[in-house]
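>>> Need the 3D shape of this:
(one chain, ligands or ions: 1)
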Amino acid sequence: MRREGAASVEDELLAFGAELAGEPREWGRLANEHPPVLRTHDRYGNRIDEIEFHPAWDWLLALGIRERLHVPGAYVARAAKFIALAQVEQGVGCPLSMTHAAHSILDTIDDGMLVGMAMTERQGGSDVRANELEARPAGDGEATLHGEKWFCSAPMSDAFLMLAQAPAGLSCYFVPRGEGFVIERLKDKLGNRSNASGEIRLEGAWGRLVGEEGRGVRTIIEMVVHTRLDCVLGSTALQREAVAQATHHCAHRAAFGKLLADQPLMQNVLADLCVESEAATVSALRLARAFDEGDEFRRVATAVLKYWICKRTPAVVGEALECLGGNGYVEESGLPRLYRESPVNAVWEGSSNVQCLDVLRALRREPAAAEAFVAELEERDRAGVERALAGADEQGARRLVETMAVALQATLLDRHGDPAVAEAFRAREGYGAFGTLPEGLPLAELVERHTPQVV
Ligand SMILES: Cc1cc2nc3c(=O)[nH]c(=O)nc-3n(C[C@H](O)[C@H](O)[C@H](O)COP(=O)(O)OP(=O)(O)OC[C@H]3O[C@@H](n4cnc5c(N)ncnc54)[C@H](O)[C@@H]3O)c2cc1C
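Model (predicted):
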């Protein structure tokens, strides 16, 4: 964080971290155990569509708003705080992230507003061009909206950016929540349970065109790029939290007369997890700096890291859970909540395949973006990526993007990371289960580096 340009807020960050380690951890548990409930009507039968949240949700959201995670600011400093909050609770990250991202395309959002984003419809989320929600122009860029959206997270937000079909094609609209905005029901989700995700119906709701009519995808894509950065940050947070729980547990739990952290095979598992979490952290913060600097590197790196870090997270959390044995499978440990949360960032904001296809698209259409990615790599990491790029096609897109991600993380750990972590990362012989690092690495030190210094 210091390296990536956020040294001036270091004390503030440490204080925020210390605050989060207190009561907010319990708020995270409560907010998930008491998910939001939709109240569609009042007692007189009037439609109200109000969502009732547990107070713990409001306290956590207020913390994120107090730290200004929902408005533009220096990216690296925000990234560090976002990761810290997401280690405690991921659900509030969704409205904070969408509102922050909305600022990238709108300059008329009041400070206190929350802004959501509704693109996905029943017939498709990846293929948004198949959207059917209809925008009927009402003059001066205004329109009424008619139809449905199948996923609309944080539907209690004050306004939404929505894609709808206008006469000139798919267009982006700013839609305040008001008359004609109906919440049909809330989704019963695997994880992210503290957050509300709804299905909505638009019955003539008012909207204002943003950008050019017919260029909706082009308009909303900058918002999506920002929420993809937050997916990377959120998954990094999940890895860090799970690894902290695993190393802490194994530093205190004994089996066969010795602490788990001192058992050679467990050391290998833990060290491998620590290396993964550190690689995610270093690369996530480098990506955040690219947003601060408006760097061309951001274009391809966002999709590459969204794919890889989000994809690795369920494996990391699953392995960390197992380090706690049976206790890790039980709710009190907190690991089941992390595990349920772990796939979501790979799914939304463009699923894994969509990220890989986006990398291919950028390589084809924006050669400067690919060049900026390769230029970031150390000489020794370039050849493999250049070879993979030369043969890039759709069927092999995951192989390509994995190669790019691993090369980038190796470079960044060499350049900025702890030398022993960088060496262990390069010593990996494959990406199967964790715990297969080869001989000769200082495993105990790697684990020690990631073990929380609390009792
Ligand atoms: C908790 C949660 C909250 C959400 N909140 C919102 C929200 O607020 N607003 C919103 O707009 N959406 C939201 N979504 C929806 C989400 O963005 C979509 O689910 C996602 O984009 C995938 O779309 P889909 O579900 O229609 O799957 P599909 O588009 O049907 O895709 C299914 C699978 O096929 C893959 N695929 C698609 N096309 C190709 C291809 N050409 N080649 C290879 N593979 C392909 C995808 O990667 C995916 O794995 C949310 C989803 C979740 C889970």
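>>> Now do the contacts for the residue of the stretch 51-200 of the chain found nearest the ligand.
Nearest to the ligand, among the residues of the stretch 51-200 of the chain, is residue 125, at 2.2 Å (C-beta to the nearest ligand atom). Just so you know, the C-beta spots here come from the backbone N, C-alpha and C atoms, and that holds for glycine as well. Counting by C-beta atoms under 8 Å, 6 or more residues apart in numbering, residue 125 makes contact with 119, 150, 151, 351.
>>> Return the members of those residues classed as buried.
119, 150, 151 (16 or more other C-beta atoms under 10 Å).
>>> Which ones among the residues you listed lie within strands?
If you go by DSSP state E, these have 150, 151 in strands.
>>> how about a markdown table for the buried ones among the contacts of residue 125, with pLDDT and distance to the ligand added?
What follows is those, written out as a markdown table (pLDDT from 0 to 100; distance: C-beta to the nearest ligand atom, whole Å):
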| residue | pLDDT | distance to the ligand |
| --- | --- | --- |
| 119 | 98 | 4 |
| 150 | 98 | 7 |
| 151 | 98 | 3 |
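>>> okay, the buried ones among the contacts of residue 125 in TSV with distance to residue 165 next?
Shown next, in TSV, are the buried ones among the contacts of residue 125 (distance: C-beta to C-beta, whole Å):
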residue	distance to residue 165
119	12
150	15
151	18
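>>> domain parsing for the chain?
2-102, 115-216, 219-450 (automatic domain parsing).
>>> when you scan the last one, is anything in it near the ligand?
Read it as domain 219-450. Yes. Counting by C-beta under 6 Å from any ligand atom, the ligand is contacted by domain 219-450 at 344, 347, 348, 350, 351, 352, 353, 354, 357.
>>> Residue 179 - how many residues pack around it?
By other C-beta atoms under 10 Å, 10 other residues sit near residue 179.
>>> Please apply the same query to the one 5 residues further on.
Number of residues near residue 184 (other C-beta under 10 Å) recorded here: 16.
>>> Could you pull up the residues touching residue 378?
410, 411, 414, 415.
>>> Just flag the most distant two among the contacts of residue 125.
150 and 351 (14.7 Å; C-beta to C-beta).
>>> got any ranges where the stretch 351-455 of the chain has weak pLDDT?
455 (pLDDT under 70).
>>> repeat for the stretch 1-150 of the chain
1.
>>> how about the strands in it?
37-41, 47-52, 115-118, 134-139, 142-153 (DSSP state E, counting those that start in this stretch).
>>> that older thread, can you pick the most crowded of the contacts of residue 378?
Counting by other C-beta under 10 Å, top hit in these: residue 411 with 23 neighbours.
>>> My guess is that one contacts residue 374. True?
No. With contact defined as C-beta atoms under 8 Å, residue 411 does not count as touching residue 374 (10.5 Å).
>>> separation between residue 409 and residue 312?
Distance, residue 409 to residue 312, by C-beta to C-beta, to the nearest Å: 10 Å.
>>> Find residues that contact each of these two.
In contact with both residue 409 and residue 312: residue 280, using C-beta under 8 Å, 6+ apart.
>>> When those two are compared, which one has more neighbours?
Between residue 409 and residue 312, counted using other C-beta under 10 Å, the more crowded position is residue 409 (27 against 22).
>>> Check which helix or strand that one maps to.
helix 397-416 (DSSP states H and E).
>>> Check which residues of that helix are buried.
397-398, 400-414.
>>> Name the residues that touch it?
For helix 397-416, using C-beta under 8 Å, 6+ apart, the contacting residues are 3, 278-280, 282-283, 286, 300-301, 303-305, 307-309, 352-353, 355-357, 359-360, 373, 376-378, 381-382, 384-385, 388-389, 392, 421-422, 425-426, 431.
>>> Recalculate using a threshold of 7 Å.
In this structure, residues lying in contact with helix 397-416 by C-beta atoms under 7 Å, 6 or more residues apart in numbering are 3, 279, 282-283, 286, 301, 304-305, 307-308, 356-357, 359-360, 373, 376-378, 381, 384-385, 388-389, 392, 421-422, 425-426.
>>> What subset of those is buried?
Buried among those (16+ other C-beta under 10 Å): 279, 282-283, 286, 301, 304-305, 307-308, 356-357, 359-360, 373, 376-377, 381, 385, 388-389, 392, 421-422, 425.
>>> about what we covered before: how about the contacts of residue 378, which pair is most distant?
Across these (C-beta to C-beta), the longest gap, 9.6 Å, separates 410 and 415.
>>> Would you format the domains of the chain as TSV with distance to residue 109 included?
Compiled in TSV, those are given as follows (distance: least, C-beta to C-beta, whole Å):
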stretch	distance to residue 109
domain 2-102	6
domain 115-216	6
domain 219-450	12
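>>> pLDDT of the biggest strand by length in the chain, averaged?
The longest strand of the chain (DSSP E) is strand 197-210. For strand 197-210, mean pLDDT is 98.
>>> Would you mind naming what in the stretch 1-150 of the chain lies close to the ligand?
116, 117, 118, 119, 120, 124, 125, 126, 127.
>>> and if we set it to 5 Å?
Contacts of the stretch 1-150 of the chain with the ligand, taken as C-beta under 5 Å from any ligand atom, map to 118, 119, 120, 124, 125, 126.
>>> quick one: the first one and residue 149 touch, right?
Yes. Using C-beta atoms under 7 Å, residue 118 is in contact with residue 149, at 4.2 Å.
>>> between the two, what contacts are shared?
Common neighbours of residue 118 and residue 149 (C-beta under 7 Å, 6+ apart) are 162, 200.
>>> Determine the longest helix present in this protein.
Criterion DSSP state H: the longest helix present in the chain is helix 216-252.
>>> okay, the angle between that helix and strand 134-139?
Helix 216-252 and strand 134-139 are oriented at 130 degrees to each other (axes from the mean of the first three to the mean of the last three C-alpha atoms, to 10 degrees).
>>> the inter-axis angle of helix 216-252 versus strand 197-210?
Going by the same axes, to 10 degrees, helix 216-252 makes 140 degrees with strand 197-210.
>>> Quick one: distance of helix 216-252 to the chain centre.
4 Å (C-alpha atoms, centre = their mean, to the nearest Å).
>>> Kindly reformat the residues of domain 219-450 next to the ligand as a markdown table and extend each row with secondary structure.
Shown next, in a markdown table, are the residues of domain 219-450 next to the ligand (DSSP: H, G, I helix; E, B strand; the rest coil):
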| residue | secondary structure |
| --- | --- |
| 344 | helix |
| 347 | helix |
| 348 | coil |
| 350 | coil |
| 351 | coil |
| 352 | helix |
| 353 | helix |
| 354 | helix |
| 357 | helix |
